[in-house]
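Novice: return a 3D structure for these sequence lines:
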Amino acid sequence: MPPDNVTNALLLEHLKSIQAKLAEHDGQFLSIASRLTALEGHVSALVQRSVGRNVEITDLVRRVERIERRLDLVDG
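Specialist: Purely as a prediction, here's the structure:
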């Protein structure tokens, strides 16, 4: 084989190896991306629940304060 053909053949083999490794990583990146998307969904749901709980707590505090005022349990 002439030297150029040998060099080309070696380069082709290296490129094929690199391409195969990149293909493996592509699958890993897709898996990581889908897991990250799922985590983002879970965090979003937790934040929504937290906001809902804060609204409920605020409402309960207002109701207790109103009850305390009606029963004259408030100082001042």
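
Novice: tell me the average confidence for whichever strand or helix holds residue 64?
Specialist: Using DSSP states H and E, residue 64 falls within helix 3-70. Across helix 3-70, the average pLDDT comes to 94.

Novice: what number of residues lie near residue 50?
Specialist: 10 (other CB atoms under 10 Å). For glycine as for every other residue, the C-beta is placed from the backbone atoms N, C-alpha and C.

Novice: so how far is residue 42 from it?
Specialist: Applying CB to CB, to the nearest Å, the value for residue 50 to residue 42 is 13 Å.

Novice: next: residue 74.
Specialist: 42 Å.

Novice: how about residue 57?
Specialist: 22 Å.

Novice: and residue 25, by the same measure?
Specialist: Residue 25 is 26 Å from residue 42, by CB to CB.

Novice: residue 49 too?
Specialist: Here residue 49 is placed at a distance of 11 Å from residue 42 (CB to CB).

Novice: now name the helix or strand holding residue 73.
Specialist: Per DSSP H and E, there is no helix or strand for residue 73.

Novice: need the contact list for it.
Specialist: residue 67 (CB atoms under 8 Å, 6 or more residues apart in numbering).

Novice: residues near residue 7, how many?
Specialist: The number of residues packed near residue 7 is 11, by other CB under 10 Å.

Novice: do the same with residue 19
Specialist: 9.

Novice: so for the chain, the centremost residue is which one?
Specialist: For the chain, the residue nearest the mean C-alpha position is residue 40 (3.1 Å; CA atoms, centre = their mean).
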